[in-house]
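Undergrad: task: produce atomic coordinates for the following.
(chains A and B)
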Protein chains: 2
Amino acid sequence: MSAGAETALIAGTGGLPALLAAAAPGMLLCELDGFPSAVPGAEPLRFRIERLVPFLDALVARGVSRVCFAGAIRRPKIEPEMFDAQTALLVPRLVGAMQAGDDATLRAVIELFEDWGLVAVGADEIAPDLVPGAGVLTGTVTATDEADAKRAAAIVAALGSVDVGQGAVVARGLCLAVESLPGTDAMLDFVAAHRALHPAPAGGLFFKAPKPGQDRRIDLPAIGPQTVAKAAAAGLSGIAFEAGGVLLLDRAATIAAAVTAGIFLWGRAG
Amino acid sequence: MSAGAETALIAGTGGLPALLAAAAPGMLLCELDGFPSAVPGAEPLRFRIERLVPFLDALVARGVSRVCFAGAIRRPKIEPEMFDAQTALLVPRLVGAMQAGDDATLRAVIELFEDWGLVAVGADEIAPDLVPGAGVLTGTVTATDEADAKRAAAIVAALGSVDVGQGAVVARGLCLAVESLPGTDAMLDFVAAHRALHPAPAGGLFFKAPKPGQDRRIDLPAIGPQTVAKAAAAGLSGIAFEAGGVLLLDRAATIAAAVTAGIFLWGRAG
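TA: Have a look, this model is predicted:
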């Protein structure tokens, strides 16, 4: 537990908190009781919903000014007898939000943190190397690629509206594949197999983005060296991803693989 | 050219007109000059946009009361000097519709036919065996299948909004595959391959429908014995299709294949 940390990492379950903690050392690790994070090292500051006000006070007392929510917290069990007097006063506000759904609950929690002067920041602000923003990391993006990425983004957005996939392959406007349950690697293998069998437009790109409704604080889709290898094997010109919305695993190795394969890596501004 | 035919088949290019002509013999075959249909046999009654009124008069004089538009007609060239006086009077109406897009043009043309007392009918009315309506053709559709078909229909509708695919595979709510450029067979092969590799929900179905914006008069997606074989090889429980929106090629062979494979064929009411 680091004293005087400027940023608190409110870590839920899943892989994202540990990646962020490794990418941005020195954050104050906090865990909701009953939802252990997979972040190794320092003992976390544990808190409970029923004692949220003392927890917020403790963060302020430690000099925390920013909080980063990362990882999943699914329906924490609330023990009515555990509320302190001040947190109890917040119950109507929280219950109203909880009844309106997960997003509303999270917004209400963020507003509470803001009432204490704590600013919620995204993973891309904490660890820009891990969650790249807009810009070309390597290679050349042509006007054709830009058009293909625009089309792919529209396809992924449409799929997201029915809770399917986070990726698509588009070449010169034609959709060669769409991601579904079997995942990115399976989709890129599919493209490689059909490229070999059928004449199809050359080039094209793989586009990856979070689902439109996906809370970026809980999880993000990821790309890495393996994605680059599969994309290259599928004959694609590059990989485009939504700026600030995708984890770049092993950044150095991923960029090096793209350079070797001669494909681009492009963080596309939404 | 059959005299006294009650129904005129306004045949454009592509395979649909010939399938309809074979399924419902005795229709009066009509072709737009410059857009030969692939319908074998009788010499067609040819017409031109610039002489639409004489053509409509000729249909009425032959006792035609219904017209079925089938096949594609892409941007016919208009020769201004060929208009007869009466058709020339319709030009403002047609030009306005043409500027509003293909759908508006077709609606305007259908309205013109209706002004002559001719009723436009769909392929499913002309040839219900070829374009099955609502109902289970073979096998048993469970409540799980109904839920999967509903989800698959929503996925295909979302894809259609971005002009991708006409099919999806869903098993117990999970989307196993989405159709893209490589087509239905490639998608079902993909499902078969991943079923073999990964544990996934058993059963599931392939759902096929026209794109939401697709004009059913121009073309329809098709299923046949090959589709049944691929769906069975992919471990699916059946094939659902949008009632009145899909061609059933070689109906007897397709149903027989489904009976043998033990999978259902279900025309789902949109």
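Undergrad: which strands and helices sit next to the helix or strand harbouring residue A:146?
TA: Assigned by DSSP states H and E, residue A:146 falls within helix A:143-160. The contact analysis (3 or more Cβ pairs under 8 Å, 6 or more residues apart in numbering or on different chains; DSSP states H and E) places helix A:143-160 against strand A:167-171, strand A:174-178, strand A:205-208, strand A:238-242, strand A:264-268, helix B:143-160. No exception for glycine: its C-beta is placed from N, CA and C like everyone else's.
Undergrad: 10 Å instead, please
TA: For helix A:143-160, the packing partners by 3 or more Cβ pairs under 10 Å, 6 or more residues apart in numbering or on different chains; DSSP states H and E come out as strand A:167-171, strand A:174-178, strand A:205-208, strand A:238-242, strand A:264-268, helix B:143-160, strand B:174-178.
Undergrad: any idea how far stretch A:28-41 is from the chain center?
TA: The chain centre lies 18 Å from the centre of stretch A:28-41; the measure is Cα atoms, centre = their mean, to the nearest Å.
Undergrad: one more: stretch A:192-202?
TA: Chain-centre distance of stretch A:192-202: 32 Å, with Cα atoms, centre = their mean.
Undergrad: report the rounded mean pLDDT for it.
TA: The pLDDT scores in stretch A:192-202 average 79.
Undergrad: how far does it stretch from one end to the other?
TA: Terminal residues of stretch A:192-202 lie 12 Å apart, using Cα to Cα, to the nearest Å.
Undergrad: what are the buried residues along it?
TA: Of the residues in stretch A:192-202, A:192-195, A:200-201 count as buried by neighbour count, 16 or more other Cβ atoms under 10 Å in any protein chain shown.
Undergrad: these into a markdown table, with extra columns for secondary structure and distance to residue B:100?
TA: Compiled in a markdown table, the buried residues of stretch A:192-202 are given as follows (DSSP: H, G, I helix; E, B strand; the rest coil; distance: Cβ to Cβ, whole Å):
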| residue | secondary structure | distance to residue B:100 |
| --- | --- | --- |
| A:192 | helix | 42 |
| A:193 | helix | 42 |
| A:194 | helix | 37 |
| A:195 | helix | 39 |
| A:200 | coil | 33 |
| A:201 | coil | 31 |
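Undergrad: farthest-separated two in those?
TA: Comparing all pairs in the buried residues of stretch A:192-202 by Cβ to Cβ, the longest separation belongs to A:193 and A:201, at 16.2 Å.
Undergrad: how about the residue positioned nearest the centre of chain A: what's its closest non-neighbour residue?
TA: Among the residues of chain A, the one closest to the centroid is residue A:220, at 2.5 Å (Cα atoms, centre = their mean). Distances taken as Cβ to Cβ, 6 or more residues apart in numbering or on different chains put residue A:247 closest to residue A:220, at 4.8 Å, once the chain neighbours are dropped.
Undergrad: over to residue A:14?
TA: In space, residue A:14 is closest to residue A:71, 4.7 Å off (Cβ to Cβ, 6+ apart).
Undergrad: same question, residue A:251
TA: Nearest in space to residue A:251, with sequence neighbours left out and distances taken as Cβ to Cβ, 6+ apart, is residue A:129 at 5.5 Å.
Undergrad: tell me where chain A is predicted with low confidence.
TA: Applying pLDDT under 70 to chain A flags the ranges A:1-4, A:101-103, A:198-200, A:213-215, A:217-219.
Undergrad: hey, where'd the strands end up in it?
TA: A:7-11, A:28-32, A:45-47, A:66-70, A:119-120, A:135-138, A:167-171, A:174-178, A:205-208, A:222-223, A:238-242, A:247-248, A:264-268 (DSSP state E).
Undergrad: okay if I get those as TSV plus mean neighbour count?
TA: Below are the strands of chain A laid out as TSV (neighbours: other Cβ atoms under 10 Å in any protein chain shown):
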stretch	mean neighbour count
strand A:7-11	25
strand A:28-32	22
strand A:45-47	17
strand A:66-70	24
strand A:119-120	16
strand A:135-138	15
strand A:167-171	28
strand A:174-178	25
strand A:205-208	29
strand A:222-223	22
strand A:238-242	27
strand A:247-248	24
strand A:264-268	24
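Undergrad: got the contact list for the nearest residue to residue A:182 once chain neighbours are set aside?
TA: Distances taken as Cβ to Cβ, 6+ apart put residue B:194 closest to residue A:182, at 4.5 Å, once the chain neighbours are dropped. Contact analysis of residue B:194 by Cβ atoms under 10 Å, 6 or more residues apart in numbering or on different chains lists A:180-183, A:186, A:189-190, B:176-177, B:200, B:234.
Undergrad: looking at those residues, which is nearest residue B:22?
TA: Of those, the one sitting nearest to residue B:22 (Cβ to Cβ) turns out to be residue B:234, at 30.3 Å.
Undergrad: tell me the domain ranges of chain A?
TA: Chain A breaks down into these domains under automatic domain parsing: A:7-126, A:131-268.
Undergrad: residue A:94: neighbouring residues, count only.
TA: Look at residue A:94: counted by other Cβ atoms under 10 Å in any protein chain shown, it has 17 neighbours.
Undergrad: how far away is it from chain B?
TA: From residue A:94 across to chain B, the span is 30 Å (Cβ to the nearest Cβ, to the nearest Å).
Undergrad: and what of residue A:68?
TA: Counting by Cβ to the nearest Cβ, the gap from residue A:68 to chain B is 31 Å.
Undergrad: now that residue, which residues is it bridged with?
TA: In this entry, residue A:68 is beta-bridged to residue A:9, by DSSP bridges.
Undergrad: quick check: it touching residue A:121?
TA: Yes: counting by Cβ atoms under 10 Å, residue A:68 touches residue A:121, with 5.3 Å between them.
Undergrad: next, the contact list for residue A:188, please.
TA: Residues near residue A:188 by Cβ under 10 Å, 6+ apart: A:167, A:169, A:177, A:179, A:206, A:226-227, A:229-234, A:236, A:239.
Undergrad: could you give the bridge partners of the residue nearest to residue A:220?
TA: With DSSP bridges as the rule, residue A:247 is bridged to residue A:222.
Undergrad: let me see the contact set for it.
TA: With contact taken as Cβ under 10 Å, 6+ apart, residue A:247 is in contact with A:15-16, A:19-20, A:23, A:123-124, A:127, A:130-132, A:208, A:219-224, A:241.
Undergrad: can you list which of these are found in helices?
TA: Using DSSP state H, A:16, A:19-20, A:23, A:123-124 are the members of those that sit in helices.
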